[in-house]
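Q: A structural model of the following input is requested.
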Amino acid sequence: MAKFMYMNYQDVDEQIEKLIHDKKNVNEIREEEPIGYTEYGLPIRHYTIGKGPKHIVVSGSYHAAEIITTIFVVHLMKDMAKDPHFKKNEYTLDFIPIVNPEGYLITTSMQDLYLGNNTVEEEKISKAKTYWASYRADAMIPAKVKKGELPETAMLEKKSYQALFDNVNLEEYLKGYPKIKDNVLSIVRENSYPIGVLAAWSANASGIDLSQNVPYNPAIKTLLEADGPVYNHLAYANTRKDIPGPINTPCRNLAHFTFEAENLAMLNFMEELNSRKDQEIIAYFNYHSVMGKMYQRPVKEDWLLKLYNIDYEKKVIENYVSSRIFRSANAYDIIESEDPYSYINEFLRLRYGIDIQVELSRMGSNPIGPLADPDTFENVTIKPNIKAFKYFVQNYDFIVNYSSFIQSLVSKLKEDNILFSVYQIYDLIDKIVRENPTLYTKLQEELRSMESNNAHVISYFYEELKNALNNNVKENEEVKKYVLEDKFNIGFHEFLNSLTMELNNHRSMPLTEDELYLLIDNIFRDYPELIANIKYNSLHNLETDELYQQLYSLIHNQIKMGNLFNKPKGR
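A: Sure thing, here's the model as predicted:
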């Protein structure tokens, strides 16, 4: 059984210190100078692995209550330090485990009092489950009020998860950090909040949400023009966002925006790093914790695109191709719709390299709810996302070259007066791998090295692909015809029948034909390399059992994530 992976503020420092001195490391972990300090003097720590010119920045805990992001980053550091295949002279991994150390300290110090220092692991898991269930019930209150099942007053009442902290000993809270303690307790008392709001505190010690602390956030104008108090939603519905508090407050003075120290540190760090001679930020992965999804689509802000000479179409393609690489390992949904330009990450996504915001867990109930099921957290959250990250690094050259190929393909299609929206670009990318996994896999092999990205290769595969896309014979559609003469169809349908039986055992109604066809399309779209390898081995009388087992494991993760039959978002 997996262990309860909770880490408080001190635990993070101790765990990383152990990693740095671990003699089993094959790649050195170096502690660099902090990228900056918070208002209350806490360092925003920075660690690196590798010494290459291509930088990949990884951050956790922008929202302090999302502590699983820091826990994930620590596990990722541990794995990369022991990876003998990591190209340390080509890449540098820049880890910022806690962007918001004040908030992380605030929320975990309160959770420490709830979990107890001397509590056995089984009891801590039990307490985490109680917290998860309470938080989930509280998050449903707004919907029940809307349906008339609860009175309006229920929105502002103390939440049941907050009540779990009613009897904590505040004398023990934030020992050694008196200024932070005084400030957050003053926010709580001035607003008559339950002390339990500190248990899910996402902001910094000044009550500002770093993720929303950007001058172009439209929420600032909305809050400024509001007639009265503006309250948060779901489990935070009894707290306000128009004044400093636990979450969603964008700045201290709505009439006069200022950046928080943490965001200034992050912005300065990224800009300085990217401006170094012969150095480049090729990717930024910003980990959050809610929903088990990936946000990747860049916002189209014309003034910013012009200011920094950004190729928007290139950004769109590289981010989506990268997200598909991630999805082939973590099975998470890719959000295709455009987020409002209201978060710090939207600026970073446009400005620096490939950018994916990975929401790590579907369990919710931050900070300890996602830890209440240790096996799921380890096997569905931690391990697949480490694999996804490593798969991205291993395939980076292919991602760049393939994205360039797609952009060239789009340009050629535009010459035929075909207009392409962002969603049509997504459709094209999906169509290639869904209908032609064999051709896609050959293209992947050809474009894996930088030297292969030449006009001859592009021209050859463009013609091949154009013929394939115009051909009525499509690999995913061929499978649906149940033609069992060829060996691949026989093996794939045996696999599909076994999978269908398992799915039907957990459903009140068996799969419909439409659902079965959608399942086939999603398997071909998400795992083209595996499908192509299975097809090759089947046709050449080679072993396929291990490949099918890999495919089953990936699909099983999708079952756990609840997105096996999801259609693309926003199209």
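
Q: how far is stretch 310-329 from where the chain is centred?
A: Counting by CA atoms, centre = their mean, to the nearest Å, stretch 310-329 is centred 14 Å from the centre of its parent chain.

Q: Could you pick out the longest strand of this structure?
A: Ranked by number of residues, the top strand in the chain under DSSP state E is strand 280-290.

Q: can you list the domains in the protein?
A: Domains of the chain are assigned by automatic domain parsing as 1-275+361-394, 398-470, 477-561.

Q: Compare these and say which comes out lowest on pLDDT.
A: Ranked by mean pLDDT, these end with domain 398-470 at the bottom, a mean of 80.

Q: what about the helices in the stretch 451-571 of the chain?
A: Taking DSSP state H, counting those that start in this stretch as the criterion, the stretch 451-571 of the chain carries its helices at 455-470, 475-480, 487-505, 513-526, 528-539, 545-561.

Q: For the shortest one, buried residues please.
A: Spelled out, that is helix 475-480. Neighbour counts over helix 475-480 (16 or more other CB atoms under 10 Å) mark Glu475, Asn476, Val479 as buried. Placement of C-beta: from N, CA and C, glycine included.

Q: Check stretch 433-441 too.
A: Neighbour-count burial for stretch 433-441 flags Val433, Arg434, Glu435, Asn436, Pro437, Leu439, Tyr440, Thr441 (criterion: 16+ other CB under 10 Å).

Q: need these in TSV with secondary structure and distance to Pro250, can you?
A: Formatted as TSV, those follow (DSSP: H, G, I helix; E, B strand; the rest coil; distance: CB to CB, whole Å):
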residue	secondary structure	distance to Pro250
Val433	helix	39
Arg434	helix	41
Glu435	helix	45
Asn436	coil	46
Pro437	helix	45
Leu439	helix	48
Tyr440	helix	43
Thr441	helix	46
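
Q: Nearest to Ala64 among those?
A: Proximity of the buried residues of stretch 433-441 to Ala64 was ranked by CB to CB; the top entry is Val433 with 38.2 Å.

Q: residue contacts, the nearest residue to the closest one once chain neighbours are set aside?
A: Distances taken as CB to CB, 6 or more residues apart in numbering place Pro528 nearest to Val433, at 4.0 Å, with adjacent residues excluded. Pro528 makes contact with Val433, Arg434, Pro437, Tyr440, Thr441 under the criterion CB atoms under 8 Å, 6 or more residues apart in numbering.

Q: repeat that for 6 Å
A: Residues near Pro528 by CB atoms under 6 Å, 6 or more residues apart in numbering: Val433, Pro437, Tyr440.

Q: Could you save those residues as TSV and add columns showing distance to Ser323?
A: Formatted as TSV, the contacts of Pro528 follow (distance: CB to CB, whole Å):
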residue	distance to Ser323
Val433	13
Pro437	18
Tyr440	16
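
Q: Go through the domains of the chain and pick out the most buried.
A: Among the domains of the chain, domain 1-275+361-394 has the highest mean neighbour count (mean count of other CB atoms under 10 Å), at a mean of 19.

Q: end to end, how far does that one reach?
A: 30 Å (CA to CA, to the nearest Å).

Q: next helix or strand past the host helix or strand of Pro142?
A: Counting by DSSP states H and E, the element that carries Pro142 is helix 141-146. Moving toward the C-terminus from helix 141-146, the next helix or strand (DSSP H and E) is helix 160-163.

Q: which residues make contact with that next one from outside it?
A: Contacts of helix 160-163 (CB under 6 Å, 6+ apart): Tyr131, Ser134, Tyr135, Asp138, Pro194, Gly196.

Q: Good, we can wrap up now.
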